[in-house]
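J.: Just to be clear, the model below is a prediction. Sequence and coordinates:
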Amino acid sequence: MKKFILLFAFLCMLTLPATSFAIGVEFSIGGWYQQPDGTLSFDKTTNADDLDLENDLGYDDKWQPIARLKIDMPSLVPNLYLMYTKMKWSGTGSKDVNFSFGGENFLGNVDFNSELKMDHLDAAFYYGIPAVNTATADVLNIDLGLNFRLLDFRAEIEQKDVDQKESESYFLPIPMLYAGMQIEPTNWIALDLEGRGIYYSNNHYVSLIGRLKVKPFGPLFIGGGYRYDTIKIDYDDVDVDANFKGPFAEAGFEF
């Protein structure tokens, strides 16, 4: 987490010199109530090696921090959208059959500890469609661009009773398409819709967000909505086939 916080802060500092020429700046922090659902495996040989995030690993729904920064740049310069998402679980689980994880054999009906981390930092570069904004008198705006997601992944299984342990970790850059839409019928309320995604071979990684923002006074706003991530990635023999969904809340400033 510290590595991503430092990187997020560094990227924010790099953008500060440009903010004096920017059309707008939006910053917020908040939390996402993540509800995991799906499976994890490492070097899978049979279906018994699939570990269910809820039933086998025992991961509960939980709030985790999120932060984001948007900068609307001057004409011809792509706008910038940074977003940090914390995703980490640990717990004690069990499985009623023997299973393999990373080539190591673990016993059924024996408790094991596990950890799963999927922290990521998004950096989207996008342009708004001027004709849409002009035709709707600034009520509707549509953005299109590219998103680059840096995934900090780690998975670990440890069965202390039999002194068995295996883990895998990696940083994975993932290019994605980005699309956003903002509907602002008045100065004090707005609806944001945004999506990031990629499909390749039998893999996919898609994030969908719906957000309602209320601006009570000045640059302050409070927001809330729903986020749905669906992931099917097989990388370095680690297979994640899961969904992470749930409501989120945030507060921030918009200039």
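T.: Arrived safely, thanks for sending. Numbering: from 1, shown residues only.

J.: what residue ranges in the stretch 51-200 of the chain are flagged as low confidence?
T.: Nowhere does the stretch 51-200 of the chain drop to pLDDT under 70.

J.: Go ahead and flag the most central residue of this structure.
T.: T85 (4.8 Å; Cα atoms, centre = their mean).

J.: Show me the beta-bridge partners of it.
T.: I66, H120 (DSSP bridges).

J.: Looks like it contacts W32 (just checking).
T.: Yes. The pair T85 / W32 is scored as a contact, 7.0 Å apart, by Cβ atoms under 8 Å. For glycine as for every other residue, the C-beta is placed from the backbone atoms N, C-alpha and C.

J.: Give me the common contacts of the two.
T.: Shared contacts of T85 and W32 (Cβ atoms under 8 Å, 6 or more residues apart in numbering): Q64, I66.

J.: Which stretches in the stretch 1-150 of the chain count as helices?
T.: Secondary structure of the stretch 1-150 of the chain by DSSP state H, counting those that start in this stretch: the helices cover 2-19, 130-135.

J.: list the contacts for G246?
T.: W32, Y33, Q34, Q35, D61, Y226, R227.

J.: any idea how far G30 is from it?
T.: The gap separating G246 from G30 is 12 Å, by Cβ to Cβ, to the nearest Å.

J.: L53 is in contact with S41, isn't it?
T.: No. Between L53 and S41 no contact is recorded; they are 11.3 Å apart, counting by Cβ under 8 Å.

J.: Contact partners for G128?
T.: For G128, counting by Cβ under 8 Å, 6+ apart, the contacting residues are D72, N79, N141, I142, D143.

J.: Y178 too?
T.: Counted by Cβ under 8 Å, 6+ apart, Y178 has contacts Y81, A124, Y126, D143, L144, G145, L146, N147, E194, G195, R196.

J.: Identify the bridge partners of it.
T.: G145, R196.

J.: What of the one 5 residues further on?
T.: Counting by DSSP bridges, I183 forms beta bridges with L140, L191.

J.: quick one: contacts for it?
T.: V139, L140, A190, L191, D192.

J.: can we see that at 10 Å?
T.: T136, V139, L140, N141, I189, A190, L191, D192, L193 (Cβ atoms under 10 Å, 6 or more residues apart in numbering).

J.: For the third one, grab the count of nearby residues.
T.: What that stands for is L140. Using other Cβ atoms under 10 Å, L140 has 15 neighbouring residues.

J.: Quick check: it touching V132?
T.: Yes. Between L140 and V132 there is a contact under Cβ atoms under 10 Å: 5.8 Å.

J.: Residues that sit against both of the two, list them.
T.: M181.

J.: list the contacts for the residue lying closest to P65 once chain neighbours are set aside?
T.: Distance criterion Cβ to Cβ, 6 or more residues apart in numbering; nearest residue to P65, sequence neighbours excluded, is K86 at 4.9 Å. With contacts defined as Cβ under 10 Å, 6+ apart, K86 is in contact with 1, 4-5, 31-32, 34, 63-67, 117-120, 152.

J.: how close does K86 get to A251?
T.: Counting by Cβ to Cβ, the gap from K86 to A251 is 17 Å.

J.: cool, L220 as well?
T.: Counting by Cβ to Cβ, the gap from L220 to A251 is 7 Å.

J.: With V214 instead?
T.: With Cβ to Cβ as the criterion, V214 and A251 are 10 Å apart.

J.: Dump stretch 204-211 to PDB, restricted to CA.
T.: Taking Å, rounded to 0.1, in the frame of the first residue of the first chain, the C-alpha atoms of stretch 204-211 are listed here in PDB:
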ATOM      1  CA  HIS A 204     -11.100  -9.800 -19.200                       C
ATOM      2  CA  TYR A 205     -10.900  -7.000 -16.600                       C
ATOM      3  CA  VAL A 206     -13.800  -4.500 -16.500                       C
ATOM      4  CA  SER A 207     -14.600  -1.800 -13.900                       C
ATOM      5  CA  LEU A 208     -17.900   0.000 -14.000                       C
ATOM      6  CA  ILE A 209     -18.800   2.900 -11.700                       C
ATOM      7  CA  GLY A 210     -22.000   4.900 -11.200                       C
ATOM      8  CA  ARG A 211     -21.700   8.000  -8.900                       C
END
